[in-house]
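[1] Kindly generate the corresponding structure for this input.
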Amino acid sequence: MNGKKKKALLRAAVILCVAAAAAAALFIVGKWEKMETPVDAADTSDDDRPEFYYAGAWYTQNTELETLLIAGIDKYSDQLAETLELGKELDANINTQQSDFLMLLILDKAQNTCTVLPLNRDTMTQINALGMAGESIGSFTGQLALAHTYGSGGIDSGYNTVQAVSDLLYGAQINHFITVTMDAVAVLNDLVGGVTVLVEDDFSNITDQLPQGQEVHLTGSLALTYVRSRRSVADQTNINRMARQKIYLEALYEKMKAEPAEEFSAKALLELSPYLVSDCSATTLAQLYQEVLDSQLTVLDTPEGEVVRGEKFMEFYPDEQKLQRLVVDLLFIPADTLVD
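    Numbering: from 1, shown residues only. As a prediction, the model looks like this:
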């Protein structure tokens, strides 16, 4: 990955961590009272550590690390609210949301580092299917994005996405998650007065407001169109869309830096409140946000693999050997290094 792309991904991580800060403050001022009661992940004793056999040796998860999964959901906040309400009335899961964007933040407090692992939404992996009462009724192989579809669309869907990512990463446990609906893009975009980008893709089949080869000042829903569109744009792959999102996030970050910090953050906290769901308490989110800000950020390449066209959708198959090596390096330590 070249320096420009790494810089954009790093900035994307910082922006999403701002959303984590928003969630923390909103817990404190009581803006999340209508959501499910957040709980912190239970402590995991050494005896419960996941173990992983790799290259002739046993590895166990490094419990000194703290992990946070951040997912951008493809629906609007009003659709989420309607889904949650109607689902409760019907006592049924009618959720159709998917994760469009996923990244795993890995905090090493001892080393004062935060490693960011982007994950392709099209990654084919094991998905847990949930019944009406939230119980597991089996599993299937599907796109990682579909894990959020099982559940109400609220905190249970977040937990199911966490489970799918854990399974993808060979059982590595994930401590916390945050999900944010995609229409938060337009809200944050307008809070900074809009964002200017060079339009490199052909959007002519979608809108005439994004002429190819020209700079466009994005405001309102046009910002969401730019970052969210995939069908009828370029090769229609998620990889192409992810590249466009990086361009946008880099420009957005520059605008955010230009805003008066205290005044802007207070306003953003209130405006973003309808778009966030997390399993964390206020204290935990505040701590995570501060730890990320205090850490040295390293953004990794998306795991390598092959993109193929499935029967209906694009599918991404990670290179298993390289993914195993990556997971061991990031999240596990040799089991024989533990002291009895």
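[2] Under the pLDDT cut-off, which ranges of the stretch 201-340 of the chain? List them.
    253, 257, 261-262, 265-266, 269, 282-283, 285-286, 289-290, 293, 338-340 (pLDDT under 70).
[3] need the helices for it, in chain order.
    221-228, 238-257, 261-272, 282-294, 320-331 (DSSP state H, counting those that start in this stretch).
[4] Who are the packing partners of the second one?
    It stands for helix 238-257. helix 3-28, strand 195-198, helix 221-228 (3 or more CB pairs under 8 Å, 6 or more residues apart in numbering; DSSP states H and E). From N, CA and C alone the C-beta is placed, and that goes for glycine too.
[5] go again using 10 Å as the cut-off
    Counting contacts by 3 or more CB pairs under 10 Å, 6 or more residues apart in numbering; DSSP states H and E, helix 238-257 is packed against helix 3-28, strand 99-108, helix 184-191, strand 195-198, strand 215-218, helix 221-228, helix 261-272, strand 314-318.
[6] With respect to burial, which of the helices of the stretch 201-340 of the chain scores highest?
    helix 221-228 (a mean of 21; mean count of other CB atoms under 10 Å).
[7] And that helix, what does it pack against?
    By 3+ CB pairs under 10 Å, 6+ apart, helix 221-228 packs against strand 99-108, helix 184-191, strand 195-198, strand 215-218, helix 238-257.
[8] Now for the residue nearest to the spatial centre of the chain: which residues touch it?
    For the chain, the residue nearest the mean C-alpha position is Ala71 (2.3 Å; CA atoms, centre = their mean). Ala71 is in contact with 16, 97-104, 119, 121, 144-145, 147-148, 157-158, 161-162, 165, 177-180, 277, counting by CB atoms under 10 Å, 6 or more residues apart in numbering.
[9] Report the separation between it and Gln212.
    Note on Ala71: its distance to Gln212, by CB to CB, to the nearest Å, is 30 Å.
[10] now do Gly153
    The value you get for Gly153 to Gln212, if CB to CB is used, is 35 Å.
[11] neighbour count winner among those two?
    Ranked by neighbour count (other CB atoms under 10 Å), Gly153 and Gln212 place Gly153 first, with 27 against 11.
[12] so that one is in which element?
    Using DSSP states H and E, Gly153 maps to neither a helix nor a strand.
[13] these two touch, right, it and Val277?
    Yes. Between Gly153 and Val277 there is a contact at 8.6 Å, judged by CB atoms under 10 Å.
[14] Leaving out the residues flanking it, which one is nearest to Ala164?
    For Ala164, ignoring the flanking residues on the chain, the nearest one in space by CB to CB, 6 or more residues apart in numbering is Ala147 at 3.7 Å.
[15] So that neighbour versus Thr302, what's the distance?
    Look at Ala147 and Thr302: by CB to CB, they are 18 Å apart.
[16] out of the two, which sits in the busier spot?
    Ala147 (31 against 17).
[17] where does the more buried one land in three-state SS?
    Per DSSP: H, G, I helix; E, B strand; the rest coil, the local secondary structure of Ala147 is helix.
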